[in-house]
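K.L.:
model the structure of this input:
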Amino acid sequence: MSGAIPITGPQTDRARIAPVPDWVVHEPYDSPAMPEEIFVSGGRCMLLDDTQVDLVGPERSWHGRYVERVMTNSGAERAAQFSVPFDPICETVEIHFVRVHRGAQVIDHARPEAFEVFRRERSLERLVFDGRLTVHLVIPDVRPGDVVETSYTIIGGNPILRGKHAAWIAFEWGQAMMETRHRLRTRADRPIHFRGVNGAPAPEVFEKDGIIDRRWRAVRRPAVETEDLAPPWEISRAEVQFSEFESWGEVADLFTPLYETDTGFPADLQEAVDFIAQDATTPAARAAEVLRFVQRSLRYLSLSMAEGGLQPRPLETAWTSRYGDCKDAARLYTAIARRVGLDACRPLHRAGDRRRQDPLARSHAAQPGRRAGAHLQGLLRLGVAAGARRRGAGDHGAGAAGAGCRREGARSVRPEAKFACNLRVAHDL
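P.N.:
Okay, here's the model as predicted:
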């Protein structure tokens with residue numbers, strides 16, 4: 001982009017200061033000096049959460065603009081932290097401004113030398129590595145009464161999705177919001193399916209020169225608390241889901257080829273397979289023994305960099321390293337099951353009835369062994385590509401775009417518990 005200035009640090013070609021893109025629209029927002037108490041949380045008042053997505057250009061662009069008023073000193077500590085995570089393999093982040101409004105004065109702190117770029121690995125303790133970098137700035141001299149306004153754009157997305165768009169956008173949060181906006185620009189010949197739940201707003205639609213501009217807006221929404229231990233498919237807040245996929249069959253066609261098992265079968269693995277075939281004499285026994293063998297052989301470790309978050313590693317790589325995630329285990333299980341004479345496959349299926357076609361956050365893969373009188377099913381949870389989110393309140397990325405709605409209060413689980421959950425066996429003999 002013309003006028004872009006690289007930010008000093010690793011992957012400098014993927015992080016830069018740049019002007020606001022021409023397609024972005026920044027409209028005024030309400031900024032009361034003394035907001036109602038219901039809208040103040042943690043010493044801050046969230047004035048505006050504005051996301052805009054452009055699907056007209058050669059790559060998807062995801063723009064974020066966030067505005068908050070600082071009410072207390074403790075609120076200033078939180079408001080002074082600005083962070084944008086991104087995937088340096090397939091995404092570029094552009095910082096447009098980091099402004100502090102103090103009365104009539106506007107101070108912009110977006111200077112290349114002021115930012116740090118580092119690798120955080122938020123799920124390190126869960127043995128999940130995603131390789132994402134974070135552009136971070138500690139905003140100096142933030143005071144009670146200031147309004148902090150930030151703006152950035154993330155360009156690109158996971159190549160596994162072949163340019164398809166899907167996302168979840170929330171219009172209610174765990175804290176009250178003065179205003180939430182979302183905008184989606186597409187060509188008229190590129191249909192995007194969407195639906196709202198729990199009182200999500202309807203869009204205003206504008207069309208000009210073959211471009212459809214849809215805009216959603218929610219004003220003065222109170223905080224909505226989610227119930228503890230609620231299942232992940234339960235939606236309790238106003239949200240809009242987007243999907244460019246026409247059917248679940250299209251999602252399955254996208255991922256099924258990634259799980260083929262016909263190449264690279266190691267010799268020492270074949271020896272183990274021969275032992276299973278000799279020791280377990282019935283299909284049901286073989287199915288159970290293959291499952292136990294996979295669980296014993298692979299320790300849990302997820303390398304979820306870029307495509308690695310959505311596709312398994314080569315079979316030989318997972319076996320020789322003796323570690324992998326659920327996708328690797330699913331591929332290994334299916335390959336072994338086929339070699340001991342079981343009819344095994346990896347169909348994708350929905351995790352809940354209320355979801356549109358969403359290939360990242362809500363799709364699973366299964367490996368059923370089919371036989372009259374016996375049933376085995378191992379479940380695989382596909383990895384979620386996290387996208388942009390600032391100030392540590394959660395992650396974008398619950399949707400299939402690598403950016404989308406924030407999920408707050410996510411519970412971490414022990415890797416071995418996740419492994420056992422996602423590869424489970426049930427017999428009906």
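
K.L.:
ok, Ala188 - contacts?
P.N.:
Ala188 is in contact with Glu207, Gly210, Ile211, Ile212, counting by C-beta atoms under 8 Å, 6 or more residues apart in numbering. Every residue, glycine included, has its C-beta placed from N, CA and C.

K.L.:
and those residues as JSON lines, adding distance to Leu310?
P.N.:
Shown next, in JSON lines, are the contacts of Ala188 (distance: C-beta to C-beta, whole Å):
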{"residue": "Glu207", "distance to Leu310": "33"}
{"residue": "Gly210", "distance to Leu310": "32"}
{"residue": "Ile211", "distance to Leu310": "29"}
{"residue": "Ile212", "distance to Leu310": "28"}
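
K.L.:
narrow those residues to those in strands?
P.N.:
Mapping the contacts of Ala188 onto strands (DSSP state E) picks out Glu207, Ile211, Ile212.

K.L.:
among the residues you listed, name the buried ones.
P.N.:
Ile211, Ile212 (16 or more other C-beta atoms under 10 Å).

K.L.:
which of the ones in strands among the contacts of Ala188 lies closest to Asp108?
P.N.:
Of all these, Ile211 has the smallest distance to Asp108: 30.3 Å, by C-beta to C-beta.

K.L.:
who does that closest one bridge with?
P.N.:
Arg187, Lys208 (DSSP bridges).

K.L.:
that one reaches Arg187, doesn't it?
P.N.:
Yes: with contact defined as C-beta atoms under 8 Å, Ile211 counts as touching Arg187 (6.2 Å).

K.L.:
now do the shared contacts for these two.
P.N.:
Val56.

K.L.:
what's the local residue count around Phe274?
P.N.:
Careful, residue 274 is Asp and not Phe. Neighbour count of Asp274, defined by other C-beta atoms under 10 Å: 12.

K.L.:
tell me the confidence at it?
P.N.:
pLDDT, Asp274: 93.

K.L.:
what are the contacting residues of the helix or strand where it lies?
P.N.:
Taking DSSP states H and E as the criterion, Asp274 maps to helix 267-279. With contact meaning C-beta under 8 Å, 6+ apart, helix 267-279 is reached by Arg286, Glu289, Val290, Phe293, Ser297, Trp319, Ile336, Arg339, Val340, Gly341.

K.L.:
tell me which entries of those residues lie within helices.
P.N.:
Arg286, Glu289, Val290, Phe293, Ser297, Trp319, Ile336, Arg339 (DSSP state H).

K.L.:
next, the contact list for the third one, please.
P.N.:
If I follow you right, that is Val290. So Val290 contacts Ile276, Tyr333, Ile336, Ala337, Val340, Leu342 (C-beta under 8 Å, 6+ apart).

K.L.:
same deal with the second one?
P.N.:
With contact set as C-beta under 8 Å, 6+ apart, Glu289 has these partners: Ile276, Asp279, Ala280.

K.L.:
between the contacts of Val290, which is nearest Ile95?
P.N.:
Distances from Ile95 to these, taken as C-beta to C-beta, are shortest for Tyr333 (44.0 Å).

K.L.:
what about the closest residue to that closest one other than its chain neighbours, how many neighbours?
P.N.:
Computed as C-beta to C-beta, 6 or more residues apart in numbering, the closest residue to Tyr333 that is not its neighbour in sequence is Val294, at 4.8 Å. By the criterion of other C-beta under 10 Å, Val294 has 24 neighbours.

K.L.:
any regions of the stretch 201-350 of the chain where pLDDT drops low?
P.N.:
Within the stretch 201-350 of the chain, the segments meeting pLDDT under 70 span 261-263, 305-308, 346-350.

K.L.:
if we can go back for a sec, of all the ones in strands among the contacts of Ala188, which comes closest to Asp49?
P.N.:
Ile212 (22.6 Å).

K.L.:
for Val25, see how far away the closest one is.
P.N.:
For Ile212, the distance to Val25 (C-beta to C-beta, to the nearest Å) stands at 14 Å.

K.L.:
is it true that the residue nearest to Tyr333 touches Asp328?
P.N.:
No: Val294 is not in contact with Asp328 according to C-beta under 8 Å; the separation is 9.4 Å.

K.L.:
so in that sheet, which strands flank the helix or strand harbouring Ile169, and in what orientation?
P.N.:
With elements taken from DSSP H and E, the one containing Ile169 is strand 166-170. Pairing partners of strand 166-170, with direction, according to DSSP bridges: strand 239-243 (antiparallel).

K.L.:
thinking again about what came up before, whichever of the contacts of Glu289 end up buried, select them in PyMOL.
P.N.:
Entered in PyMOL, the line below selects the buried ones among the contacts of Glu289, by 16+ other C-beta under 10 Å:
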select buried, resi 276+280
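
K.L.:
per-domain residue ranges of this protein.
P.N.:
The chain is divided into the following domains under automatic domain parsing: 5-121+131-247, 253-384+412-422.

K.L.:
sorry, back to before: gap between the residue nearest to Tyr333 and Ala335?
P.N.:
Val294 is 10 Å from Ala335, by C-beta to C-beta.

K.L.:
before we move on, what about Ser247?
P.N.:
Taking C-beta to C-beta, one finds Ser247 at 28 Å from Ala335.

K.L.:
these two - which one has more neighbours?
P.N.:
Here Ser247 and Ala335 are compared on neighbour count by other C-beta under 10 Å; more neighbours surround Ala335, at 25 against 9.

K.L.:
can you verify my assumption that that one contacts Phe265?
P.N.:
Yes: counting by C-beta under 8 Å, Ala335 touches Phe265, with 6.8 Å between them.

K.L.:
what touches both of these two?
P.N.:
With C-beta under 8 Å, 6+ apart, Ala335 and Phe265 have common neighbours Leu315.

K.L.:
can you list phi and psi of Trp233 for me?
P.N.:
Trp233 has phi and psi values of phi -90, psi 0 when expressed as degrees, to the nearest 10.

K.L.:
and it, how many neighbours?
P.N.:
Other residues near Trp233 come to 12 when the count uses other C-beta under 10 Å.

K.L.:
can you read off the pLDDT for Arg354?
P.N.:
pLDDT, Arg354: 46.

K.L.:
now Ser31
P.N.:
96.

K.L.:
and Arg331, how far is that from Tyr323?
P.N.:
For Arg331, the distance to Tyr323 - C-beta to C-beta - is 14 Å.

K.L.:
those two: which has the busier surroundings?
P.N.:
Arg331 (27 against 17).

K.L.:
skipping adjacent residues, who's closest to Leu193 in space?
P.N.:
Not quite, residue 193 is His, not Leu. Ser243 (5.1 Å).

K.L.:
please apply the same query to Lys164.
P.N.:
That would be Glu244: by C-beta to C-beta, 6+ apart, it lies 4.6 Å from Lys164.
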